[in-house]
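J.: Dropping the sequence and predicted coords here.
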Amino acid sequence: MGEDFRSFLKEMEETGEGGFFRISKEVDTRYEVSAIVTKLEQARQVPLLWFEKVKGHTLPVVVNCYADRGRVARALGVSKRALNQRVSQAYQHPIPPVEVSRAPVQEVVIQGTEVDLKKLPAMIYHNTDGGPYITAGIVLAKDPDTGDYNLSYNRLMVKEKDRLGIFATVGKHLNAIYSKMEERGKPLEVAVSIGNHPAWAIGALAIGAYHENEIGIIGGLKGSPLEMVKCKTVELMVPAGAEIVLEGEIEPNLREEEGPFGEFTGYAIRSAKNPVVRVKAITHRQSPIYQDICGGQHREHLTMATIPMEANYLRVIQGAVPEVEAVRVAAPFTLIISLRKKYEGQARSALLAAFSADLYLKHAIVVDHDIDIADLQRVLWAMATRVQASRDIFIIPRARGSSLDPSAEPLGVVDKMGIDATAKPSLERFSPVNRVPNEVMDRIKLEDYISNFSVLKKA
């Protein structure tokens, strides 16, 4: 399996996994790319899009790389069904990186006054966005005490030719590292990697303990050590196969207006005073390819986050309740859990384990194993017919959640709700579900009874 962005794009173009289109018509970074993605999503299509001509820029733009689970699974060398298991195995069997002295990402080095972020085709997605944003950049930073690396996706607002506004969620690891440096009155060195193989994306979004080795998880995902190279102006290592790397510092005790920005919740988060990155260098490949992730509630933004999120939920919840069979992130801050229930109280144990697994989780629902958790209509049916509120719903008031939740109190204080939508006392002793016999369902062919059925299917 290749580990760079170009090998991934080549494989996707050759296989057409999830759809692949090169677009030769010129597009504008202001709204047009997100409009095309939106129209495709309305048609329930999420192909990988390669925009060859971008107005005012020389770099091509690629979007929707991680919008399809099958595409990510193929890039990792597994089936879509085996994707969560592959991510879970990478958590358990990390592979350390190796250092290389030369790297494609440093074929071109730009420093000092020559740095110009405005040459990058950063996007404006929605009418509420406060400016152009870099969204597909993985931010790398090191804990000053342990030297452990942290990887994360953070929205980056292009403010000037060498300055970015950055949003780092309170309670998440990058914010904790920055706070340590700020208390010492020192800048935090960071690097931003743009144009990354899906293994990097899934590893950067891994959810786990503070000192968990995210770079090792990426190695585990690809099955071999990552190649990393030293930066030119900061004491960090970055992926050798990236397309573009920004090197810089987050300045201490400095906040500037950043935002608004349309987030994954589907709402625009208001502008606020946030830290600033001063970019010292840009390194890139010859003829780099710029990767973008459409901001807001677009499929790529949601899919790429839920893959590692579900793997983490599954390993944590199964640690407490082994009978849990599957999990599904159905909406922002919302998890559905499938359980083969053996005894009373088991569903509540699974719910409590889920809330311990991720700070952002606000609503969790447990259903029996007969419910397809990917079918929200069936999940709602289970809630409608197997839940009594006084018995099966509990609330954890005023807990820490996400500051991106528009309904939250300041700093992300929320109420969390668990719903036990399993049959009581057990599925076997509950009212039977009415079904047409399988033998009859298998025997009946609609084409034998409805002459124009093929026309109906196409409609």
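T.: In hand now; what should we look at?

J.: What lies in contact with the helix or strand that contains Gln85?
T.: For Gln85, the element it lies in under DSSP states H and E is helix 83-92. Contact with helix 83-92 is made by 69, 72-73, 76, 78, 202-203, 206, 208, 212, 217-221, 307-308, 310-312, 314-315, as judged by CB atoms under 8 Å, 6 or more residues apart in numbering. C-betas here are computed from N, CA, C, even on glycine.

J.: residue contacts, Tyr125?
T.: Contact analysis of Tyr125 by CB under 8 Å, 6+ apart lists 31, 33-34, 133, 262, 294-296.

J.: re earlier: packing partners of the helix or strand that the helix holding Gln85 is followed by?
T.: Proceeding N to C from helix 83-92, the next assigned helix or strand is strand 98-99, under DSSP H and E. Packing partners of strand 98-99 (3 or more CB pairs under 8 Å, 6 or more residues apart in numbering; DSSP states H and E): strand 227-230.

J.: Looking at the strand it packs on now, give me its mean pLDDT.
T.: Mean per-residue pLDDT for strand 227-230: 95.

J.: Output the below-cut-off pLDDT ranges for the chain.
T.: 1-3, 208-212, 453-459 (pLDDT under 70).

J.: So it: which segments form each domain?
T.: Taking automatic domain parsing as the reference, the chain has its domains at 82-293, 321-421.

J.: how about the helices of the stretch 51-200 of the chain, start to end?
T.: In the stretch 51-200 of the chain, the segments counted as helices under DSSP state H, counting those that start in this stretch are 69-75, 83-92, 173-183, 198-204.

J.: what does stretch 339-350 rub up against?
T.: 317, 320-321, 323-325, 337, 366-369, 394, 418, 420, 422-427.

J.: Just the ones of these in helices?
T.: 317, 320 (DSSP state H).

J.: Helices along the stretch 251-400 of the chain, start to end?
T.: Using DSSP H, counting those that start in this stretch, helices in the stretch 251-400 of the chain cover 299-320, 346-357, 376-386, 389-392.

J.: So which of the helices of the stretch 51-200 of the chain is the most surrounded?
T.: Highest mean neighbour count of the helices of the stretch 51-200 of the chain: helix 198-204, a mean of 26 (counted as mean count of other CB atoms under 10 Å).

J.: Number of residues surrounding Glu107?
T.: 13 (other CB atoms under 10 Å).

J.: That one touches Ile244, doesn't it?
T.: No. Judged on CB atoms under 8 Å, Glu107 makes no contact with Ile244 at a distance of 10.9 Å.

J.: Give me the common contacts of the two.
T.: Joint contacts of Glu107 and Ile244 (CB under 8 Å, 6+ apart) are 283-285.

J.: Of those residues, just say which sits nearest to Gln45.
T.: When the shared contacts of Glu107 and Ile244 are compared for distance to Gln45 (CB to CB), Arg285 wins out at 29.7 Å.

J.: For the closest one, list the residues it contacts.
T.: 104-105, 107-108, 243-244.

J.: quick one: it and Met228, what's the gap?
T.: Computed as CB to CB, to the nearest Å, the Arg285 to Met228 distance reads 16 Å.

J.: cool, Pro47 as well?
T.: On the measure of CB to CB, Pro47 and Met228 end up 31 Å apart.

J.: How about Ala384?
T.: 52 Å.

J.: Ala354 too?
T.: For Ala354 relative to Met228 (CB to CB), the value is 34 Å.

J.: and what of His57?
T.: 28 Å.

J.: Looking at the two, which has the bigger crowd around it?
T.: With neighbours defined as other CB under 10 Å, His57 and Met228 compare such that Met228 has more, 22 against 16.

J.: need the contact list for that one.
T.: So Met228 contacts 97-100, 215, 237-240 (CB under 8 Å, 6+ apart).

J.: who's in contact with the nearest residue to Arg270 once chain neighbours are set aside?
T.: Leaving aside its sequence neighbours, Arg270 sits nearest to Pro260 (CB to CB, 6 or more residues apart in numbering; 5.5 Å). Residues counted as contacts of Pro260 (CB under 8 Å, 6+ apart) are 128-130, 268-271.

J.: measure Pro260 to Met157 for me?
T.: In terms of CB to CB, Pro260 sits 10 Å off from Met157.

J.: list the residues that contact both of the two?
T.: Residues touching both Pro260 and Met157 by CB under 8 Å, 6+ apart: Gly130.

J.: before we move on, back to that, ramachandran angles for the residue nearest to Arg270?
T.: Here is the backbone geometry of Pro260 (degrees, to the nearest 10): phi -60, psi 170.

J.: Present the domains of the chain as a markdown table; the columns should include distance to Phe20.
T.: Compiled in a markdown table, those are given as follows (distance: least, CB to CB, whole Å):
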| stretch | distance to Phe20 |
| --- | --- |
| domain 82-293 | 14 |
| domain 321-421 | 25 |
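
J.: count of neighbours near Pro96?
T.: With other CB under 10 Å as criterion, Pro96 counts 11.

J.: Use 9 as the first number from now on
T.: OK, 9 is where the count begins now, so the last one is Pro104.

J.: Skip the chain neighbours and tell me the closest residue to it.
T.: Leaving out its chain neighbours, the residue that sits closest to Pro104 by CB to CB, 6+ apart is Gly224, at 5.6 Å.

J.: Touching, that neighbour and Val106? I think so.
T.: No. With contact defined as CB under 8 Å, Gly224 does not count as touching Val106 (11.8 Å).
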